[in-house]
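Here is my input; please provide its structure:
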Amino acid sequence: MGRLLRPLLRGTTYTRLVHLWVPMLVQSIWMFIDSSQPWVPALLLVPVGLIPAVRRGEGVQAELLLTPGERDPGFSVAPAAAWRDRLRTVLWLEVRMVLGALTVLGCVWLPILALELGATALGRAHDDVPVLATATPHWWYALLAPLPLFALYGLIVGLGEAVTAVARRLLGPSAAERLAALEERTEQLLERNRIARELHDSIGHALTVAVVQAGAARAAGDPEFTDRALGAIEETGRAALEDLERVLGVLREAERPLSSRPALTEADRLLESARASGAKVDAEVTGALEAVPGPVSREGYRILQEALTNVLRHAGAVPVRVSVAVAADVLRLEVRNPLPAAIPGPGRGSGLRGIRERAALLGGHASTGPDAGDWQVRAELPLS
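Residues are numbered from 1 along each chain as shown. Coordinates of the predicted model:
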């Protein structure tokens, strides 16, 4: 019984009832004007529904009254962008008018029928209900009196569910709106993935350099070397803090445009940081780095940064050959170092996966792994 009566305790039941009664206000006003033509308001809804802004108003009203409190009710709150959406709005207005008329009739006549059944059971028959006009008063009519109330309950709850289902169908987003929402969601996921890679690459590189420098300074026992190591740690840490602050700023303000990220024109900073950590870096740069498009240059910087970080983390102070070549239509990056006998770090491959993801998002490709006794990271990024 409690489950049966639960809808009566929900506010949604009554807001849906209000939603069903709203069209009847217009109908009631018209009945005072000309009761001989009750179909005129339904006819006037056709040109009204063709107005693009009406769809937005109906969607907002459906959200507030049919599904209050739901996070994603599934209604479109944008103006009609195509004739298909306008026709769906017209159909919705007509269906809403019909369901509203059924609600009003039920809410008026079913309680009256219950009262008349009770009056008939008490011996006071009335002519308000034609069915009971000729009925002989009898006590057993009292057993029938609750039935119209149960029907009224079912009518209110059932029509509320029906109007909500129809609204989801006719006021739901169109195919174009669903596609736009899907694209927006995809962009959000890509942005989150990019931010995760940014944090992994910049902070991971800074921590790796700091750990290697601190370990080398402690092992060397040379004050001059220790001073240089501390300077390198300071510079790398400051750059990492700038990257962290920029990424956190993006997270705090979704509409804020991205500030400039480091590009390949600043690759010297990466190379000097690796050299200060003990690696013997031999770099060869061919072509004009300034001519590389911004997105390609920025992602190329991150790929180079992750490759050098892996060298320091897993191989230590070893010779490293870096090649950056800008051709007419492609940017080629290659980092090679002697393959260590064992991988000392606990890496799970997320950095290498990030390299491949960055290349793939730009339409290029990247490969990582052993090659002729060396560990090689190679990426090709199209410039167009």
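
Report how many residues lie close to Leu105.
Leu105 has 12 neighbours, counted by other C-beta atoms under 10 Å. Where you see a C-beta, it was placed from the backbone N, CA and C, and this is true even at glycine.

Show the pLDDT at it.
Listed pLDDT for Leu105 reads 90.

likewise Asp34?
Asp34 is assigned 82 on the pLDDT scale.

Now the phi/psi pair for it, please.
phi -150, psi 100 (degrees, to the nearest 10).

Now it. Nearest residue, chain neighbours left out?
Val40 (7.1 Å; C-beta to C-beta, 6 or more residues apart in numbering).

can you count the residues close to that neighbour?
Using other C-beta under 10 Å, Val40 has 13 neighbouring residues.

any idea how far Met31 is from it?
10 Å (C-beta to C-beta, to the nearest Å).

Asp371 too?
Asp371 is 86 Å from Met31, by C-beta to C-beta.

List of residues touching stretch 328-345?
Defining contact as C-beta atoms under 8 Å, 6 or more residues apart in numbering, one finds that stretch 328-345 is touched by 264, 279, 292, 296-297, 300, 303-304, 307-308, 311, 313-316, 318-325, 364, 370-371, 373-384.

What about those residues, which are in strands?
In strands, judged by DSSP state E, the following of those are found: 319-325, 370-371, 374-382.

from those residues, which would you call buried?
320, 322, 324, 375-381 (16 or more other C-beta atoms under 10 Å).

Let's have those in CSV, adding distance to Pro340.
Converted to CSV, those look like this (distance: C-beta to C-beta, whole Å):
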residue, distance to Pro340
Val320, 12
Val322, 18
Val324, 24
Trp375, 8
Gln376, 13
Val377, 14
Arg378, 19
Ala379, 21
Glu380, 26
Leu381, 27
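
and of those, the nearest to Leu91?
Leu381 (51.1 Å; C-beta to C-beta).

can you pull up the bridge partners for that closest one?
Taking DSSP bridges, one obtains Leu331 as the residues bridged to Leu381.

Glu235 touches Ser273, doesn't it?
Yes: counting by C-beta atoms under 8 Å, Ser273 is a contact partner of Glu235 at 7.3 Å.

Among those two, which residue is more densely surrounded?
Ser273 (25 against 16).

so the more buried one, which of the three states?
At Ser273 the chain is in helix, as set by DSSP: H, G, I helix; E, B strand; the rest coil.

how many other residues sit next to Pro148?
Pro148, neighbours per other C-beta under 10 Å, totals 20.

Oh, that last question was meant for Gly369, not what I typed.
For Gly369, using other C-beta under 10 Å, the count is 10.

do Trp21 as well
Quick note: Trp21 (other C-beta under 10 Å) scores 14 neighbours.

next one: the one 5 residues further on
A count of nearby residues for Val26, using other C-beta under 10 Å, gives 15.

For it, give me the pLDDT.
For Val26, the model assigns a pLDDT of 85.

same question, Pro79
For Pro79, the model assigns a pLDDT of 87.

Phi, psi for it please.
The phi/psi pair for Pro79 (degrees, to the nearest 10) is phi -60, psi 150.

can you pull the contacts of it?
52-53, 55-56.

Any figure for the gap between it and Arg86?
Between Pro79 and Arg86 the distance is 10 Å, computed by C-beta to C-beta.

which neighbours do those two share?
Contacts common to Pro79 and Arg86, judged by C-beta under 8 Å, 6+ apart, are 52, 55.

May I see the buried residues of stretch 152-172?
Those buried within stretch 152-172 under the rule 16+ other C-beta under 10 Å are 152-153, 155-157, 159-160, 163-164, 166-167, 170-172.

tell me the strands in the protein, going along the chain?
For the chain, the strands defined by DSSP E occupy 280-286, 319-326, 330-338, 365-371, 374-382.

Quick check: which of those is nearest to Leu5?
For Leu5, the closest of those is strand 365-371, at 63.4 Å, according to C-beta to C-beta.

quick one: that closest one to strand 374-382, angle?
Interaxial angle, strand 365-371 versus strand 374-382 (axes from the mean of the first three to the mean of the last three C-alpha atoms, to 10 degrees): 170 degrees.

Use 50 as the first number from now on
Happy to do that; since the first residue is 50 now, the last one works out to strand 414-420.

quick revisit: just checking, the residue nearest to Asp83 touches Ile78?
No: taking contacts as C-beta under 8 Å, Val89 lies outside contact range of Ile78: 11.2 Å.

Can you tell me which of the buried ones among the ones in strands among the contacts of stretch 377-394 comes closest to Ala194?
Of these, the one sitting nearest to Ala194 (C-beta to C-beta) turns out to be Leu430, at 80.6 Å.

so who does the closest one touch?
345, 348-349, 379-380, 382, 408, 411-413 are the contacts of Leu430 under C-beta under 8 Å, 6+ apart.

Against Glu315, how distant is it?
In terms of C-beta to C-beta, Leu430 sits 17 Å off from Glu315.

re earlier: pipe the buried residues of stretch 201-221 into JSON lines and attach pLDDT and distance to Glu165 per row.
Converted to JSON lines, the buried residues of stretch 201-221 look like this (pLDDT from 0 to 100; distance: C-beta to C-beta, whole Å):
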{"residue": "Leu201", "pLDDT": "92", "distance to Glu165": "14"}
{"residue": "Tyr202", "pLDDT": "92", "distance to Glu165": "18"}
{"residue": "Leu204", "pLDDT": "92", "distance to Glu165": "18"}
{"residue": "Ile205", "pLDDT": "92", "distance to Glu165": "20"}
{"residue": "Val206", "pLDDT": "92", "distance to Glu165": "24"}
{"residue": "Leu208", "pLDDT": "93", "distance to Glu165": "23"}
{"residue": "Gly209", "pLDDT": "92", "distance to Glu165": "26"}
{"residue": "Val212", "pLDDT": "93", "distance to Glu165": "29"}
{"residue": "Thr213", "pLDDT": "93", "distance to Glu165": "32"}
{"residue": "Val215", "pLDDT": "93", "distance to Glu165": "33"}
{"residue": "Ala216", "pLDDT": "93", "distance to Glu165": "35"}
{"residue": "Leu219", "pLDDT": "91", "distance to Glu165": "38"}
{"residue": "Leu220", "pLDDT": "90", "distance to Glu165": "39"}
{"residue": "Gly221", "pLDDT": "86", "distance to Glu165": "42"}
